[in-house]
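> Here's a sequence, model it:
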Amino acid sequence: MSSKNTICLWYDGTALEAATFYAETFPDSAVGAVLHAPGDYPAGNQDDVLTVEFTVMGIPCLGLNGGPAFKHSEAFSFQVATDDQAETDRLWNAIVENGGQESACGWCKDKWGLSWQITPRALTAAITNPDRALAKRAFDAMMKMTKIDIAAIEAAVKR
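Modelled structure (predicted):
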């Protein structure tokens, strides 16, 4: 890995599966080098996949098959800015329909427990609107959503 700073994500033996899913789902994503353990380690055996280098939307990551000791939490998430409802739906559905789960306000978790914020640019523009009343209407509409509905956000701003 040539990047000076890489995000290391802990998995329980499923780093390659996760990296492959991300590479197939998100643009500018790929699986790189796969390191097989040179010897036995607490979470696995010699020749098991130990680490997987991958990128998610251009962000360098390393998947570490460290075992069951640590789980992902909402304290870390990937925030994905989407350009339209079709892209929002595609990414959201890919995560949720592949064993993930929905959460609130555009958040969802993949089947490995990693959190994703699928955030339309239209939502970001609406809730950062300098007109605080318009921003509040958009924010209030978002607070009632799981997957973000751009048309509903735009309608809330216009009313």
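> Can you spell out which residues form a bridge with the nearest residue to T124 once chain neighbours are set aside?
Of all residues not flanking T124 in the chain, A81 sits nearest, at 7.0 Å (Cβ to Cβ, 6 or more residues apart in numbering). C-beta: built from backbone N, CA, C; applies to glycine. For A81, the beta-bridge partners under DSSP bridges are T119.
> what about the protein, any weak spots by pLDDT?
Counting by pLDDT under 70, the chain contains low-confidence residues at 1.
> All the strands of it, residue numbers only.
7-11, 30-36, 49-56, 59-65, 77-82, 101-102, 107-109, 115-120 (DSSP state E).
> could I get those as TSV with mean neighbour count?
Shown next, in TSV, are these (neighbours: other Cβ atoms under 10 Å):
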stretch	mean neighbour count
strand 7-11	18
strand 30-36	14
strand 49-56	22
strand 59-65	20
strand 77-82	17
strand 101-102	14
strand 107-109	21
strand 115-120	21
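> now those strands in TSV, with distance to L91?
What follows is the strands of the chain, written out as TSV (distance: least, Cβ to Cβ, whole Å):
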stretch	distance to L91
strand 7-11	18
strand 30-36	17
strand 49-56	12
strand 59-65	15
strand 77-82	6
strand 101-102	13
strand 107-109	9
strand 115-120	5
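> Compare the ones you listed and report which one is nearest to Y22.
Minimum separation from Y22 across the strands of the chain (Cβ to Cβ) falls at strand 49-56, 4.9 Å.
> Wait, the residue nearest to T124 touches L123, no?
No: contact criterion Cβ atoms under 8 Å: A81 and L123 do not qualify, at 9.4 Å.
> distance of the residue nearest the centre of the chain from G58?
Centre of the chain computed as the mean C-alpha position; nearest residue by Cα atoms, centre = their mean is W116, 3.2 Å away. Remark: distance between W116 and G58 (Cβ to Cβ, to the nearest Å) = 16 Å.
> Strand 115-120 and the longest helix along the chain, what's the angle between them?
Longest helix in the chain by number of residues (criterion: DSSP state H): helix 85-97. Interaxial angle, helix 85-97 versus strand 115-120 (axes from the mean of the first three to the mean of the last three Cα atoms, to 10 degrees): 160 degrees.
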